[in-house]
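Student: heads up, no residue letters with this:
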C-alpha cells in the first residue's frame, strides 16, 4: 500500500484550516474605505478585495501576469501551499522543513491522536460525508446491502443498548466456544511487533501496561484478581515465547525462499502437534478435504517450532491463550468499561491520552471494515466523477511509458530481462475508483447474501461477520482467482499493487485533493496522484514484486547477471535509509526496502511523465504567490503530501512495524536521489539534499 494509517481507535476529529491568500495592506485600505462608505455592504468587501488583488497582480506585472493561473482553484491551492511551507528553511539543507515547516507549526497533534497527516485529514472528510449519508439518507428504495450498512452503523451508534448488554455477549460466547488451533500465518501477538516482547528494557512501560490491561479485561469478564493476574502473566510469557520463534519482518522479504507448497499430509509430518486435516476441514466447511490437498506455507520453520512449543505447553495455558485471542478481537464491540481499560495501554504504545474520538467516527470505520463495498456504493454515488477515471487511466499510461523509457537507459540490465520487464509493465492492469459491481444492486446484494445484520446487537453483528467471512473464504477455494477482486474499499485514502495478479488499484478516496483535482495545475497532479501511480507501478519491480512474472506467478524470470546488479543497487538504498535517524533510532533499511524502491521509482517516472506532457501541451501557467517554477512546484507538491506530525511513541512503533520509511525520509531520501530535483533547486553537490552519492534502481 502507499501508506499506513493508524489504528481506527486512535482517530479524532481535526481538520486543518488554511486561510486564503491575504494582502494585509490592501485589505487595510479597503476596510477603511468601506467604513467611510456605509452604503457599501459588508459582505461585498471580500469580493472587492479578491478582484482588486488579482487585477493588481496583472497591472503591476503585465508580462508576468499573463503567465499566472488566477482561477479560484489556483489561488486557493497557492494559498494552501504557501501556508504549509517554511520559507526560512534552505531547500538544499532540509527540503521536508522547507515544504512542510509551516504545516507542522500550524497543525499540533489533536487530543487523542498519535499522528496526523494529509491522509488522516482526507479520511475524516470522507467519514463526515458518509455520516451524513447514513444518518440522513432514505434507504427504502435502496439495495438490501445498503440497508444492512445503515443497520450496522446504527447498531454501533446505539451505545445505550451496548451498555445494557455489558460484557454478557462475550461471556456467553466464551462459555460455548471451542477455539481452533494456530493457523499457518503469523502468530497472534497483541502488541504491534515481536520487538515489544523481546526488548524488555526499552519496552518495560509497554509490557507493564499490557499486563495491567489483560488483567483488567479478565476481571471485567468475571475473573478474580489474583488468579487472573497469574493466568495473564502465563499468557504474556507464552506470547513472548512465540515472539522468540517469530522471524523478524526484514528477514521475510524474499518470497521465493519462504514459499513452500506441500500437501496436508506433509504439513502433518512437519508440525504434528495440530491435526491439520481436522482443523482445515472445520475451518473450510463444507468443503471435502483429504490429506493430498495442497497448501502453501510462508513460515515453515516457524510452524515446526510452534508444534514443539504446543507439545511442551500445558493444555490449560493453550486454552487460556486461545480465549485471550477471542477476547481481544471482541472487546471493541462491548461497553465503555472495555474502551476505558485500553487507555493506559494506548498511551504507553502510542503516546496518546484518552481518545476523544466521537462515537460516529469509530462507527464509520467499523462499517467500512465490515460492509465497505456497500458503504462505498453510497460514497461513489454521492461524490465520484466518472470523468476522473478516464483522466487517471490516461495518467497511468503516461507514467507507464515513462517507466519503460527509463528501462532503455539502464546500463545494468541485460536485454532479455529488459524486454521481459517491459512486457510485465505493459501487462499491469489498473482498477480505478471502485469495482463496477457495487453500482448493480443485485450484484451488491449477492456479495453480502448470508450476512445477517440487526439494529439491536452490535456484538452479534460483529460475530455474524466473522462467521460470514469464514464461509466466503471457504467458498473461494479451488475457484479461479478473481482478478477484479478489491482489497481496499472505495472510500479508502490509499492505493496498492497486487503481485499475484499484476494489478494496481486506486480507490476513489485518494482521487481527490491534494493528490488530484481536475482544476489544479498538472505539476501538482503529477506530483500527487502521479507519484502514487508511479509508486504502485514500481512495486511490480521492487525486491519482492520483481519475483513475480507478468501473469502473477512466483518464478525466476530474470537473467542471473541482472539479479546480481539489482541486488547491488538495492544494497545502496538499504545503506542510505539505514543511516536516517528518528529520535536517535535508525530506520530499518531492509524492512523498508520495497517501499523505498517504489518511492524513488515512482517519483522519477511521474516527473518524466510530467515533462513529456509539457513537451506535448506546452508550459502551463504558474501559481501566484508561491514563487516557484512549475518543475519546482512538482517537487513541493510531492513533499507536501507527506506533511505529518506524530508522538515519539508512535514514531518508534512505526520504525519497528511499518514497511514504509517515516514521512520525513520518504521525502528527503527520495529527493536526495533525484538529479532532476537538485537541478531545479540548484542544490550544490555536498549539501544534504545532494550528497554526491545517489542510489538508483529504476
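Tutor: Yep, that arrived. It should be emphasised that the depicted structure is a prediction, and the values quoted were computed from it without experimental measurement. Residues are numbered from 1 along each chain as shown.

Student: low pLDDT regions in the stretch 101-250 of the chain?
Tutor: 178-188 (pLDDT under 70).

Student: Which parts of it are strands?
Tutor: For the stretch 101-250 of the chain, the strands defined by DSSP state E, counting those that start in this stretch cover 115-117.

Student: Same question for the chain.
Tutor: Ranges of strands in the chain, per DSSP state E, are 115-117, 260-263, 294-297, 429-433, 496-498, 503-507, 581-582, 585-586, 644-646.

Student: Mean neighbour count, those strands: which tops it?
Tutor: A comparison of those by mean neighbour count, using mean count of other Cβ atoms under 10 Å, puts strand 503-507 on top with a mean of 25. The C-beta positions use only the backbone N, C-alpha and C, and glycine is treated the same way.

Student: helices or strands up against that strand?
Tutor: Contacts defined by 3 or more Cβ pairs under 8 Å, 6 or more residues apart in numbering; DSSP states H and E place strand 503-507 against strand 429-433, strand 496-498, helix 531-538.

Student: and of the strands of the chain, who's closest to residue 148?
Tutor: Nearest to residue 148, of all these, is strand 503-507, at 20.8 Å by Cβ to Cβ.

Student: contacting residues around that closest one?
Tutor: Identification of contacts with strand 503-507 by Cβ atoms under 8 Å, 6 or more residues apart in numbering yields 376, 392, 396, 428-434, 483, 486-498, 529, 532-533, 536-537, 539.

Student: how far does that strand sit from the chain's center?
Tutor: 13 Å (Cα atoms, centre = their mean, to the nearest Å).

Student: returning to what we had before: same list, the helices and strands packed on strand 503-507, but as TSV with distance to residue 105 and mean pLDDT please.
Tutor: Output for the helices and strands packed on strand 503-507, formatted as TSV (distance: least, Cβ to Cβ, whole Å; pLDDT from 0 to 100):
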stretch	distance to residue 105	mean pLDDT
strand 429-433	35	94
strand 496-498	32	97
helix 531-538	25	97
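
Student: So what's the residue count around residue 616?
Tutor: By the criterion of other Cβ atoms under 10 Å, residue 616 has 8 neighbours.

Student: State the distance from it to residue 208.
Tutor: Distance, residue 616 to residue 208, by Cβ to Cβ, to the nearest Å: 62 Å.

Student: Could you list the low-pLDDT ranges of the protein?
Tutor: Low-confidence segments of the chain (pLDDT under 70): 5-66, 178-188, 355.

Student: got the domain boundaries for it?
Tutor: The chain breaks down into these domains under automatic domain parsing: 1-16+114-166+354-383+439-478, 168-333.

Student: what's the closest of those domains to residue 100?
Tutor: Judged by Cβ to Cβ, the one of the domains of the chain that comes nearest to residue 100 is domain 1-16+114-166+354-383+439-478, at 9.9 Å.

Student: Okay, helices next: where are they in the stretch 551-698 of the chain?
Tutor: For the stretch 551-698 of the chain, the helices defined by DSSP state H, counting those that start in this stretch occupy 560-578, 593-617, 630-640, 648-657, 663-672, 675-680.

Student: could you dump those helices to TSV with distance to residue 370?
Tutor: Formatted as TSV, the helices of the stretch 551-698 of the chain follow (distance: least, Cβ to Cβ, whole Å):
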stretch	distance to residue 370
helix 560-578	36
helix 593-617	28
helix 630-640	33
helix 648-657	24
helix 663-672	29
helix 675-680	43
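
Student: For residue 157, find the nearest of those.
Tutor: helix 648-657 (28.0 Å).

Student: What lies in contact with that closest one?
Tutor: Residues outside helix 648-657 that contact it (Cβ under 8 Å, 6+ apart): 4, 6, 114-115, 192-193, 195-196, 249, 348-352, 582-583, 585-588, 646, 660, 662.

Student: thinking again about what came up before, ranking the domains of the chain by mean neighbour count, which comes first?
Tutor: Ranked by mean neighbour count, those are led by domain 1-16+114-166+354-383+439-478 with a mean of 18 (mean count of other Cβ under 10 Å).

Student: can you tell me which residues contact residue 284?
Tutor: Taking Cβ under 8 Å, 6+ apart, one finds 473, 474, 477 in contact with residue 284.

Student: Which of the residues you listed lies at the shortest distance from residue 673?
Tutor: If you rank those by distance to residue 673 using Cβ to Cβ, residue 473 comes first, at 41.1 Å.

Student: I'd like the distance between the residue nearest to that closest one when sequence neighbours are not counted and residue 306.
Tutor: Leaving aside its sequence neighbours, residue 473 sits nearest to residue 284 (Cβ to Cβ, 6 or more residues apart in numbering; 7.6 Å). To residue 306, residue 284 is 20 Å away according to Cβ to Cβ.

Student: can you check residue 436 too?
Tutor: Going from residue 436 to residue 306 by Cβ to Cβ gives 42 Å.

Student: try residue 384
Tutor: Between residue 384 and residue 306 the distance is 45 Å, computed by Cβ to Cβ.

Student: try residue 348
Tutor: With Cβ to Cβ as the criterion, residue 348 and residue 306 are 28 Å apart.

Student: And residue 693, by the same measure?
Tutor: 44 Å.

Student: Ok, residue 570 next?
Tutor: As judged by Cβ to Cβ, residue 570 and residue 306 stand 31 Å apart.

Student: Tell me which of the domains of the chain lies nearest to residue 565.
Tutor: Across the domains of the chain (criterion: Cβ to Cβ), the nearest stretch is domain 168-333, sitting at 17.0 Å.

Student: Alright, calling it a day.
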